[in-house]
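S.K.: Quick one, fold the following:
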Amino acid sequence: MDFIVSIHGSHQQPRAENDLSMAPKAHPISCEPRRIQVDIDQAMSLVRKLDVEKGIEDNILCTADHEKIDGEKSHVGSMGRIIIVRGLTSVKEAKHVRIKSKQNM
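M.R.: Residues are numbered from 1 along each chain as shown. Predicted structure coming up:
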């Protein structure tokens, strides 16, 4: 357990291990489904760009069927994608969300 020590060092207060008041705060718009989709599209675009620059082919992050290299279906592909957005006071979860990628459009 961490302690917060005063300037004089004589008074110590235990600090909770999961002190959320010190956590970075995200803007509420970052939890909106439309914004999440935009962020995912930008991340996928960046992954594809970097793959082209480095000569990487068949990156599992960019495949439409999300199959593993050995041919087994991954857990993510078999049950759908799960998006978890953690906020200061809540955790939002969206299961089986169909995420549009530019490859499928």
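S.K.: Ramachandran coordinates for the nearest residue in space to L61 that is not next to it in sequence?
M.R.: Distances taken as C-beta to C-beta, 6 or more residues apart in numbering place V47 nearest to L61, at 5.4 Å, with adjacent residues excluded. Heads up, the C-betas are built off the backbone N, CA and C, glycines and all. Backbone torsions of V47, given as degrees, to the nearest 10, read phi -60, psi -50.
S.K.: Can you verify my assumption that V47 contacts C62?
M.R.: Yes. Counting by C-beta atoms under 8 Å, V47 sits close enough to C62 to count as a contact (5.9 Å).
S.K.: can you pull the buried residues of the helix or strand hosting R34?
M.R.: Secondary structure from DSSP states H and E places R34 in helix 33-54. Neighbour counts using 16 or more other C-beta atoms under 10 Å place 36, 44, 48 of helix 33-54 among the buried residues.
S.K.: tell me the least confident of the residues you listed?
M.R.: Taking pLDDT as the measure, the buried residues of helix 33-54 have their low point at I36 (82).
S.K.: Tell me the spacing between that one and I29.
M.R.: To I29, I36 is 10 Å away according to C-beta to C-beta, to the nearest Å.
S.K.: What is the neighbour count of E32?
M.R.: 12 (other C-beta atoms under 10 Å).
S.K.: wait, I meant D58
M.R.: Counted with other C-beta under 10 Å, D58 comes out at 9.
S.K.: would you say it is within a helix?
M.R.: No. Counting by DSSP: H, G, I helix; E, B strand; the rest coil, D58 is not part of a helix but coil.
S.K.: Distance-wise, check it relative to K25.
M.R.: The gap separating D58 from K25 is 38 Å, by C-beta to C-beta.
S.K.: Check C31 too.
M.R.: Going from C31 to K25 by C-beta to C-beta gives 12 Å.
S.K.: Compare these two and say which is more crowded by neighbours.
M.R.: Between C31 and K25, counted using other C-beta under 10 Å, C31 has the larger neighbour count: 14 against 9.
S.K.: now that one: how far from S45?
M.R.: 22 Å.
S.K.: For this structure, give me the ranges with low pLDDT.
M.R.: Low-confidence segments of the chain, defined by pLDDT under 70: 1-21, 23, 63-105.
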